[in-house]
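Visitor: Return a 3D structure for these sequence lines:
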Amino acid sequence: MHFPLLQDILVLLAFSVLIVFLLQKAKLPSILGFLITGAIIGPYGLSLVNAVEEVEVISEIGVILLLFVIGMELSIKKLASMKRTIFIGGFLQVGLTVLIAGSCYYFLGNSWNESVFIGFLFSLSSTAIVLKVFQDRNEMSTLHGRNALAILIFQDIIVVPMMLFTPIIAGESTDVTTSVLTLLFKSVVVIVITILSARYVVPKIMYAVAKTNNKELFLLTTITICFAVAFLTSQAGLSLALGAFMAGLIISESEFSHQATSIILPFRELFISFFFISVGMLLNIEFFFDHIGIILLLVLAVLIIKSSIVALSVAILNYPSRTVLITGLSLFQVGEFAFILSKVGIEYNLLSAETNQYFLAVSIVTMLLTPFVIIFSENISDRFHNTKIAKALTSNSKENTEEIEANMEIDLSNHLVIIGFGINGSNLAKASQFSNIPYVVIEFNAETVKREKANGIPIIFGDATQPHMLETVNLSKARSVVVAISDAEATRTIIRNIRDISQSVYLVVRTRYVKEISDLIAYGADDVIPEEFETSIEIFSRVLHDFLVPENDISEFIDLIRADNYKVFNSKKKLPNTFRSTKIPNVNITCLRINIDSGRILGKTLKDLNIRKEFGINILAIERKDEVIDYIGPNEKLYQNDKLYVSGRQENIEEFHRVLN
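Guide: Just a heads-up that it's a prediction; the model follows:
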């Protein structure tokens, strides 16, 4: 049986693997490889892929999953904290871009409605590329990362009204009021459903599913929520991507968002690659090279004008100049939703075939340049910082960022990561809290997470075998990690993932059996603590203390055992005499409590009792009401509940003990 789509997917994947591999050798972003792959194998290149529409459908899933993950990494509370940037910064950026781009196109001799539509297209930036690059660079929590996200969210929301207004400006619809009111009503309904679901419905569903400890069921539930909300918003006339973002926000309000993100990420990476390849397929290579001069001039104009507009929109919100410039450079490109919107424009004759090819060429080139511009944005902003334009853009900016950064999450650093919250993990957490050591716990038991979170423990639900969970707790900046779980295979996976992130973090692993020590150390553990022999060491060390073996000798013996990976316990050979007990034959030191409330010893002085002569023992110290009397004079009296530290032969101590009780 022959499947044409399967053949196309094989060609697509094979070319992308080869090209991305070559680009990785040159340390270039993988997004660039996907776009180049699309241009080569697409209908305007080698025409190796015939099912272009099917590939575009698959690519839309990538955009849905991308927005879903973004929503999960945010929360309604965080989103509310960004409302000024979303609505003021986003509105200014879109409004000014539509005005300036539309005016330029209008003065070239085009109609007003075509000009407005061109403004719509160039006002949209690439959510997929910008956020992917920021996530790869761990810059989502920075000021420029949050600003870029806020403006992109506004763009993703405003693209729906743009689609509704396109037939109106094309003269195909006259009932503007009804269209606007319908849009507002649908938006309000979606927001209300999102808030109610986030607070009352989804957390309970996720908790019930997480309690089963079934990873497959958890994955299915997460995917179902994503596509269900996306489908409902699509049916309501809003975009699939907006619905996916709302679904992510709903899950973000539960403690299961980190685990949900970690299991979705591999699927997102696969499908988002299809999206970038499908974008590359749209590029007409012959048209591009025939008009390369004009296209590059347009790209330069877009870079300068759009970056300046974004920077101005952020500067008005009083952000520091460096943040303003980096944000502006990050959002200069034309984004993926513009492609969706362009199809609507072609349908209503607002975009000619030639203009569409110019638009596609400029958009794809700006997308290709985006990773490089973001990578070098810091250097560019530093060079541009003292120019007149930069000062004009940030003339009202407050350079003090303390107030701005106060609303951002405080990143953990120099902290302890505890994986597993069983007996060992919980005791370590208590010790850390007592010692004022910052720590965070990863635990896969939903009930434990819910209970301990209510007790104020910094604990998150998740499977630590997923690299994203380790990144969530900022493992790259941690000082120590303790793996305290009983699953041997999971422990090895966690060690490998930890070492992929950090080679320097101190890694302690708990295991049940000594035979696993060498393997775990080979995987990357610094210290391995086996339960079966550590208990033996503790018991034996206490016995040695009782036999008055010097402390240094005990420590030396314990170090010898551990240094040899506990092999001395399995050895049949006689151990060397590494220490000797104190040579006081038949002498014991013991603590006895006086329990009787009357008798011949209570209230009497030691001089009168003459205990050494009477019982053959010596009283070394007396503990009374938390006070230790270490100098025992002849006039010291004995009282009920006194603790007596005595020395002597065992049989003499036993006789004296009977008198005290």
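Visitor: tell me which residues of stretch 642-658 are tucked away?
Guide: Across stretch 642-658, burial judged by 16 or more other C-beta atoms under 10 Å covers 642, 644, 645, 646, 648, 652, 653, 656, 657. (Glycine included, C-beta is placed from N, CA and C.)
Visitor: Which residues does the helix or strand hosting the third one contact?
Guide: This means residue 645. Assigned by DSSP states H and E, residue 645 belongs to strand 643-648. Residues from elsewhere that reach strand 643-648 (C-beta atoms under 8 Å, 6 or more residues apart in numbering): 587-594, 615-624, 638, 653, 656, 660.
Visitor: before we move on, back to that, next, give me the two most distant ones among the buried residues of stretch 642-658.
Guide: Spatial extent of the buried residues of stretch 642-658 (C-beta to C-beta) is set by the pair 642 and 652 at 18.7 Å.
Visitor: one step back: can you add distance to residue 363 and give the buried residues of stretch 642-658 back as CSV?
Guide: As requested, the buried residues of stretch 642-658 are exported to CSV (distance: C-beta to C-beta, whole Å):
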residue, distance to residue 363
642, 89
644, 89
645, 85
646, 90
648, 94
652, 97
653, 92
656, 95
657, 92
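Visitor: Among the residues you listed, which one lies nearest to residue 67?
Guide: Within the buried residues of stretch 642-658, the smallest distance to residue 67 is 71.0 Å, found for residue 645 (C-beta to C-beta).
Visitor: Name the residues that touch stretch 354-373?
Guide: Stretch 354-373 has contacts (C-beta under 8 Å, 6+ apart) with 28-29, 31-32, 35-36, 39, 118, 121, 126, 129-130, 133, 279-280, 282-284, 287-288, 291, 294-296, 298-299, 302-303, 329-330, 332-335, 338-339, 342, 346, 351, 380.
Visitor: Quick check: buried residues in that stretch?
Guide: Residues of stretch 354-373 classed as buried: 355-371, 373 (neighbour count, 16+ other C-beta under 10 Å).
Visitor: ok, residue 230 - contacts?
Guide: Contacts of residue 230 (C-beta under 8 Å, 6+ apart): 64, 68, 240, 241, 243, 244, 247.
Visitor: Could you point out which of the residues you listed is nearest to residue 498?
Guide: residue 68 (27.0 Å).
Visitor: if I pick the closest one, what's in contact with it?
Guide: Residue 68 makes contact with 226, 230, 244, 245, 247, 248, 264, 268, according to C-beta under 8 Å, 6+ apart.
Visitor: Can I have the buried ones of the residues you listed as a PyMOL selection?
Guide: Remark: buried members of these, expressed as a PyMOL selection using 16+ other C-beta under 10 Å:
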select buried, resi 226+230+244+245+247+248+264+268
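Visitor: wait, what's in contact with residue 256?
Guide: The contact partners of residue 256, by C-beta under 8 Å, 6+ apart, come to 203, 206, 207, 210, 218, 446, 461.
Visitor: middle-most residue in the protein, spatially?
Guide: The centroid of the chain falls nearest to residue 472 when counting by C-alpha atoms, centre = their mean (2.4 Å).
Visitor: How about that one: what's its closest non-neighbour residue?
Guide: residue 258 (4.9 Å; C-beta to C-beta, 6 or more residues apart in numbering).
Visitor: from the chain's centre, how far out does the strand or helix carrying residue 231 sit?
Guide: Using DSSP H and E, residue 231 sits in helix 215-235. The gap between where helix 215-235 is centred and where its chain is centred comes out at 21 Å by C-alpha atoms, centre = their mean, to the nearest Å.
Visitor: For residue 617, which non-adjacent residue is closest in space?
Guide: In space, and not counting its chain neighbours, residue 617 is closest to residue 648: 3.5 Å by C-beta to C-beta, 6+ apart.
Visitor: Who does that neighbour form a beta bridge with?
Guide: Beta-bridge partners recorded for residue 648 (DSSP bridges): residue 588, residue 617.
Visitor: any idea how far it is from residue 527?
Guide: 42 Å (C-beta to C-beta, to the nearest Å).
Visitor: On the three-state scheme, residue 44 is what?
Guide: Using DSSP: H, G, I helix; E, B strand; the rest coil, the structure places residue 44 in coil.
Visitor: State the distance from it to residue 360.
Guide: Using C-beta to C-beta, one obtains 10 Å as the distance from residue 44 to residue 360.
Visitor: One more: residue 87?
Guide: From residue 87 across to residue 360, the span is 30 Å (C-beta to C-beta).
Visitor: Then residue 30?
Guide: Taking C-beta to C-beta, one finds residue 30 at 22 Å from residue 360.
Visitor: Once you drop chain neighbours, what's closest to residue 87?
Guide: Distances taken as C-beta to C-beta, 6+ apart place residue 154 nearest to residue 87, at 6.7 Å, with adjacent residues excluded.
Visitor: need the longest helix for this protein.
Guide: Longest helix in the chain, counting residues (DSSP state H): helix 143-169.
Visitor: what mean pLDDT does the next helix or strand after that helix have?
Guide: Per DSSP H and E, the first helix or strand lying C-terminal to helix 143-169 is helix 176-196. Helix 176-196 shows a mean pLDDT of 74.
Visitor: show me where the stretch 451-600 of the chain has helices.
Guide: Applying DSSP state H, counting those that start in this stretch to the stretch 451-600 of the chain gives helices spanning 467-472, 488-501, 517-523, 531-546, 551-563, 567-570.
Visitor: worst average pLDDT in the ones you listed?
Guide: helix 567-570 (a mean of 54).
Visitor: low pLDDT regions in the chain?
Guide: Residues of the chain meeting the criterion pLDDT under 70: 1-4, 52, 74-76, 172-176, 179-180, 183, 237-239, 384-412, 532-554, 557-588.
Visitor: What residue spans form the domains of it?
Guide: For the chain, automatic domain parsing gives the domain ranges 4-393, 416-511, 588-660.
Visitor: didn't the residue nearest to the centre of the chain look like it was pressed against residue 464?
Guide: No: in this structure, residue 472 is not within contact of residue 464 by C-beta atoms under 8 Å, at 10.0 Å.
Visitor: Check whether the residue nearest to residue 643 when sequence neighbours are not counted sits in a helix, strand or coil.
Guide: Of all residues not flanking residue 643 in the chain, residue 623 sits nearest, at 3.9 Å (C-beta to C-beta, 6+ apart). Under the three-state scheme (three-state DSSP), residue 623 adopts strand.
Visitor: Enumerate the beta-bridge partners assigned to residue 623.
Guide: Here residue 623 sits in beta bridges with residue 628, residue 643, going by DSSP bridges.
Visitor: What is the burial count for residue 141?
Guide: Residue 141 has 14 neighbours, counted by other C-beta atoms under 10 Å.
Visitor: Pick the one among the contacts of residue 68 closest to residue 492.
Guide: Using C-beta to C-beta, the contacts of residue 68 come closest to residue 492 at residue 264, 24.2 Å.
Visitor: List the buried residues in the helix or strand containing the closest one.
Guide: Assigned by DSSP H and E, residue 264 belongs to helix 257-281. Residues 257-265, 267-268, 271-281 are the ones in helix 257-281 that count as buried (16+ other C-beta under 10 Å).
Visitor: tell me the angle that helix makes with helix 215-235.
Guide: Put simply, helix 257-281 runs at 60 degrees to helix 215-235, going by axes from the mean of the first three to the mean of the last three C-alpha atoms, to 10 degrees.
Visitor: if we can go back for a sec, could I have the CA atoms of the helix holding residue 231 written out in CSV?
Guide: Below are the C-alpha coordinates for helix 215-235, written out as CSV (Å, rounded to 0.1, in the frame of the first residue of the first chain):
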residue,chain,number,x,y,z
LYS,A,215,2.1,9.0,32.4
GLU,A,216,0.2,8.0,29.3
LEU,A,217,-3.2,9.1,30.8
PHE,A,218,-1.6,12.4,32.0
LEU,A,219,-0.3,13.0,28.4
LEU,A,220,-3.7,12.2,26.8
THR,A,221,-5.5,14.4,29.3
THR,A,222,-3.2,17.3,28.6
ILE,A,223,-3.4,17.0,24.8
THR,A,224,-7.2,16.7,25.0
ILE,A,225,-7.6,19.9,27.0
CYS,A,226,-5.3,21.7,24.5
PHE,A,227,-7.2,20.7,21.4
ALA,A,228,-10.6,20.9,23.0
VAL,A,229,-10.2,24.6,24.0
ALA,A,230,-8.6,25.4,20.6
PHE,A,231,-11.5,23.7,18.8
LEU,A,232,-14.1,25.6,20.9
THR,A,233,-12.5,29.0,20.2
SER,A,234,-12.2,28.2,16.5
GLN,A,235,-15.9,27.3,16.4
